[in-house]
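**Student:** Got a predicted structure plus its sequence, pasted below:
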Amino acid sequence: MNAVDGSVVQLRAGGTSIIALVDAGRLPRIVHWGADLGELDDAALSAIVLSALPAVGDSAVSYPQPVPVLPQLAEGWLGRPGLSGSSDGTRWAPKFGAASTSVETRDGGQILRCDAVDAEYGLSLSIEIEVLASGLARQRATLVNERGESYRVDGLELAFPVPVTATEVLDFTGRWSLEKVPQRRPFHIGAWLRESRGGKPGLEHTMLLAAGEAGFGFQSGAVWAVHLGWSGNQVLAAERMPSGVQHLSAGEIILPGEVTLAAGERYTSPWLYGSWGNGLDELAGRFHNEIRSWPQHPSSPRPVILNTWEAVYFNHDLATLSALAEKGAALGVERFVVDDGWFLGRRSDRTSLGDWTVDPAVWPMGLEPLAQRVRELGMEFGLWFEPEMINLDSELARTHPEWIFDAGHGAGIPSRYQHVLDLGHEGAYAHVRDAMFALVGALDIAYIKWDHNRYLLDAGHSPSGRPGARVQTLQAYRLMAELKQAFPGLEIESCASGGGRIDLGVLAHTDRVWPSDCNDPHERLEIQRWTGLMVPPEYQGTHIGAAESHTTHRIHPLDYRAEKALWGHLGVELNLLEEDEATLATVGSWIAFHREHRGLLHSGRVVHADLPNAATRLQGVVARDGAEALYAFSVTERPANWPPGRVTLPGLDGERSYRVSAVFPGTPLPEGAVVPPWLWSGVTLPGRVLGTIGIEAPSLDPDTSMLFHVTAVDA
Ligand code: DGJ
């Protein structure tokens, strides 16, 4: 850790630079976050800062640029405050000044730490600004109440500045079975807020809040985005001031009294992550590289899953699930997951959440015989839980009604007939933990699907009724961590009615996310590519569902369903007992193809072409060494201009030559396909040509696709 003597600091790693002003008495102010500007000497850094300071007239009301990463009203900032809080109405307008600043090189990245104080208020603040080896940036702050009177924290939001060339904001919304719907708008003066107030990010959560140059796409246009690594209430803001300052900020939404600091106590904010890129693929790549560098990143091949939910729903019994497991194993499935419906009295979604013991009426010999059969078949055994929930119709609710959240008006409105179990009660926590530990141990469970189907709403901790949302998130993390510690190798999937809890907070404890309950490939194409802006393919659960989607009732050919499932952590979620032999054989071929290529799919660079034809998509994964790639060309609608024209294959090494071949893991050629001449023989072209001019695409019916396998021929 080196103390900083100058007034400007440059952090560099992974193609990213941050240049920050760290002059004495002020909090760090970032003047550049984005492309690496190379090694700059002190004179150049000072000149950058000098040339970046704006003209400020006599009557300037608004704060002169740049603003600290924690903006303060006391310094003239009229936007969203960095820190909100008070001691019963005093100490409400803090003014922190840096006491010391240091820079450390750590794990291939660089971290700037600024320790600041507000001596008058008796508050101290530590800010960490880090550029990780992946080029991802992150910040967090720790606030300490140094004084006797308690200090109530109402919010702590940090900000990353973006340049005025970022004129367009991209964020996401969604609903059940249709997560990650993009919305774009001009970056107007004011604040564009995206809030999650339901105790989890939620189905409509934006995950990323991005701003970029007009029309930025996957391959071009500078774009910046932030993400909060937190699975609870939160706010993300894109804020632009008349002064030309614009930034992306985020922080926890702290409910009244959730964080009250006694003397000496501290609050540490969640990490605020920031990524940038020339195009969204580069931005996403930094998240992927970072997540892939984590020690807990799953290193084993992602086992192909068979999940019972859409196959049999609540219709469980040993004979049926054993038969299903046998069918799956024969097709190459490697992990069998028993979804909802196995515990005491759970014959529908109206009862039993909280009663985590195996239902003797359905499973007279327990789940052991099934788990054993699954293992005999060479598969791992997985089980579904919804640890944070409770049905009023359950033994648990009858015994411990005080463990149901209640802010003073009773248990509140049900959602899917359920309520939230307040894990802030140590008894409730122990009840769930002990039940899960017992089952994971007895059944040798390799995998937990961890669901979360109700928002927290007025989640008061009994008997006081004080807000309990924040503690609930921390307790969920604690339980995940305890399970993982007690059962090394145990994997956990984060599911919340689909993609309602996907963030870097929960990903630190889990190994897979469930992007959506929608297995319809038409929708999945979009949901997966947007979820993929942060989540690498090996973490995204992607299942082959039934021909008629259970959520949209569209009917799709098996090849399209399988092709869209190919790209993530593959699973099967259809009733194999009811499928004919031809279908089973095709499912088996796709599983075999996935297993053959998952090394590439789960380690390579994810790319998308920006195609002029809005009814077409081109996605791919390129091997790290550039020697191989797999692409899918898909048609989503029936466009007016036809044939679809050329598609570029991004991400290849421009200096190498590649052989492009169409591959058909399932049916040889989609019905109705009309193919261009090159496709019969394959074609060999330099990567530069494939990435720039591209190749003629086949004419396909809507909701069909074709795979191209690309291999370097100059090796
Ligand atoms: C909601 C999940 O998203 C589904 O995948 C399934 O696990 C059901 N819950 C089970 O109740």
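**Tutor:** Yes, it's here. Predicted model, so just to flag it, every value in this text is computed and none were measured.
**Student:** Just give the number of residues close to the residue of the chain found nearest the ligand.
**Tutor:** Distances between the chain and the ligand by C-beta to the nearest ligand atom are smallest at Asp340, namely 3.4 Å. Placement of C-beta: from N, CA and C, glycine included. Neighbour count of Asp340, defined by other C-beta atoms under 10 Å: 21.
**Student:** which residues sit in contact with it?
**Tutor:** By C-beta atoms under 8 Å, 6 or more residues apart in numbering, Asp340 lies in contact with 309, 313-314, 346, 349, 384, 386, 451.
**Student:** Could you list the alpha-carbon positions for the helix of greatest length in the chain in PDB?
**Tutor:** Secondary structure of the chain per DSSP state H: the longest helix is helix 581-601. What follows is helix 581-601 as a C-alpha-only set of coordinates in PDB (Å, rounded to 0.1, in the frame of the first residue of the first chain):
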ATOM      1  CA  GLU A 581     -38.300 -42.700 -29.700                       C
ATOM      2  CA  ALA A 582     -37.400 -40.200 -32.500                       C
ATOM      3  CA  THR A 583     -37.800 -37.300 -30.100                       C
ATOM      4  CA  LEU A 584     -35.700 -39.000 -27.400                       C
ATOM      5  CA  ALA A 585     -33.000 -39.800 -29.900                       C
ATOM      6  CA  THR A 586     -32.800 -36.200 -31.100                       C
ATOM      7  CA  VAL A 587     -32.700 -34.900 -27.500                       C
ATOM      8  CA  GLY A 588     -29.800 -37.400 -26.900                       C
ATOM      9  CA  SER A 589     -28.000 -36.000 -30.000                       C
ATOM     10  CA  TRP A 590     -28.300 -32.500 -28.700                       C
ATOM     11  CA  ILE A 591     -27.000 -33.500 -25.300                       C
ATOM     12  CA  ALA A 592     -24.100 -35.300 -26.900                       C
ATOM     13  CA  PHE A 593     -23.300 -32.200 -29.000                       C
ATOM     14  CA  HIS A 594     -23.500 -30.000 -25.900                       C
ATOM     15  CA  ARG A 595     -21.200 -32.300 -24.000                       C
ATOM     16  CA  GLU A 596     -18.800 -32.300 -26.900                       C
ATOM     17  CA  HIS A 597     -18.700 -28.500 -27.100                       C
ATOM     18  CA  ARG A 598     -19.300 -27.300 -23.500                       C
ATOM     19  CA  GLY A 599     -15.600 -26.800 -23.000                       C
ATOM     20  CA  LEU A 600     -15.800 -24.100 -25.600                       C
ATOM     21  CA  LEU A 601     -19.200 -22.800 -24.700                       C
END
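**Student:** Which residues outside that helix are in contact with it?
**Tutor:** With C-beta under 8 Å, 6+ apart, helix 581-601 has contacts from 301-302, 304, 327, 330-333, 537-538, 544, 558-559, 562-563, 565-567, 570, 572, 576, 579, 621, 623, 628-630, 663, 665-667.
**Student:** quick one: that helix to chain centroid distance?
**Tutor:** 26 Å (C-alpha atoms, centre = their mean, to the nearest Å).
**Student:** taking the mean pLDDT, what do you get for it?
**Tutor:** Helix 581-601 shows a mean pLDDT of 98.
**Student:** Which positions in it come out as buried?
**Tutor:** For helix 581-601, burial by neighbour count (16 or more other C-beta atoms under 10 Å) applies to 586-591, 593-595, 597-598, 600-601.
**Student:** Save the contacts of Asp340 as CSV, and put in distance to Val235, secondary structure and pLDDT too.
**Tutor:** Output for those, formatted as CSV (distance: C-beta to C-beta, whole Å; DSSP: H, G, I helix; E, B strand; the rest coil; pLDDT from 0 to 100):
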residue, distance to Val235, secondary structure, pLDDT
Trp309, 33, helix, 98
Tyr313, 37, coil, 98
Phe314, 38, coil, 98
Arg346, 36, coil, 98
Asp349, 31, coil, 98
Trp384, 31, strand, 98
Glu386, 27, coil, 98
Asp451, 25, coil, 98
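**Student:** Sort out which of the residues you listed are buried, if you could.
**Tutor:** 309, 346, 349, 384, 386, 451.
**Student:** Those: which ones sit near the ligand?
**Tutor:** 309, 349, 384, 451 (C-beta under 6 Å from any ligand atom).
**Student:** what's the average pLDDT for the following helix or strand past the longest helix of the chain?
**Tutor:** Next helix or strand after helix 581-601 toward the C-terminus (DSSP states H and E): strand 605-608. For strand 605-608, mean pLDDT is 98.
**Student:** by contact count, what packs against strand 605-608?
**Tutor:** Secondary-structure packing of strand 605-608 (3 or more C-beta pairs under 8 Å, 6 or more residues apart in numbering; DSSP states H and E): helix 280-293, strand 616-622.
**Student:** Can you classify His55 as helix, strand or coil?
**Tutor:** You called it His, but residue 55 is Ala. The three-state label given to Ala55 by DSSP: H, G, I helix; E, B strand; the rest coil is coil.
**Student:** Look at it and report its pLDDT.
**Tutor:** 80.
**Student:** Now do the phi/psi pair for it.
**Tutor:** phi -70, psi 130 (degrees, to the nearest 10).
**Student:** likewise Arg12?
**Tutor:** Torsion angles, degrees, to the nearest 10, at Arg12: phi -140, psi 130.
**Student:** The closest residue to it other than its chain neighbours: neighbour count?
**Tutor:** Distances taken as C-beta to C-beta, 6 or more residues apart in numbering put Asp36 closest to Arg12, at 5.8 Å, once the chain neighbours are dropped. As a burial measure, Asp36 scores 15 neighbours (other C-beta under 10 Å).
**Student:** Let the chain start at 362 from now.
**Tutor:** Noted, 362 is the first residue going forward, which turns the last one into Asp397.
**Student:** just checking, Asp397 touches Thr377?
**Tutor:** Yes. Asp397 sits in contact with Thr377 when judged by C-beta atoms under 8 Å, with a separation of 6.1 Å.
**Student:** so what pLDDT did Ser420 get?
**Tutor:** 57.
**Student:** so who does Ala547 touch?
**Tutor:** Quick fix: residue 547 is Pro, not Ala. 528-530.
**Student:** So which bits of the stretch 762-911 of the chain are right by the ligand?
**Tutor:** Proximity of the stretch 762-911 of the chain to the ligand, by C-beta under 6 Å from any ligand atom, involves residues 812, 814, 856, 858-859, 875, 878.
**Student:** Which pair of these spans the longest distance?
**Tutor:** Asn814 and Trp875 (11.6 Å; C-beta to C-beta).
**Student:** now the strands for the stretch 562-711 of the chain?
**Tutor:** Ranges of strands in the stretch 562-711 of the chain, per DSSP state E, counting those that start in this stretch, are 570-573, 583-589, 595-601, 607-613, 620-622, 627-629, 633-639, 666-668, 696-699.
**Student:** Go through these and name the closest to Asp720.
**Tutor:** Checking the strands of the stretch 562-711 of the chain against Asp720 by C-beta to C-beta gives strand 696-699 as the closest, at 11.8 Å.
**Student:** pLDDT (mean, whole number) over the closest one?
**Tutor:** Strand 696-699 comes out with an average pLDDT of 98.
**Student:** what sits up against it?
**Tutor:** The contact list for strand 696-699, computed with C-beta under 8 Å, 6+ apart, reads 664-669, 677, 682, 685-686, 689-690, 728, 731, 735, 738, 740-745, 807-808, 810, 932.
**Student:** One more: stretch 641-651?
**Tutor:** Taking contacts as C-beta under 8 Å, 6+ apart, the residues outside stretch 641-651 that touch it are 375-377, 493, 495-497, 571, 577-580, 584-586, 588, 634, 636-638, 893-897, 966-969, 1011-1012.
**Student:** which of the residues in that stretch are buried?
**Tutor:** 641-651.
**Student:** quick one: which of those residues is nearest to Asp402?
**Tutor:** For these, the nearest to Asp402 is Arg647 (26.5 Å; C-beta to C-beta).
**Student:** For the closest residue to Arg711 other than its chain neighbours, give me its contacts.
**Tutor:** Distances taken as C-beta to C-beta, 6+ apart place Tyr778 nearest to Arg711, at 4.6 Å, with adjacent residues excluded. By C-beta under 8 Å, 6+ apart, Tyr778 lies in contact with 710-712, 752-754.
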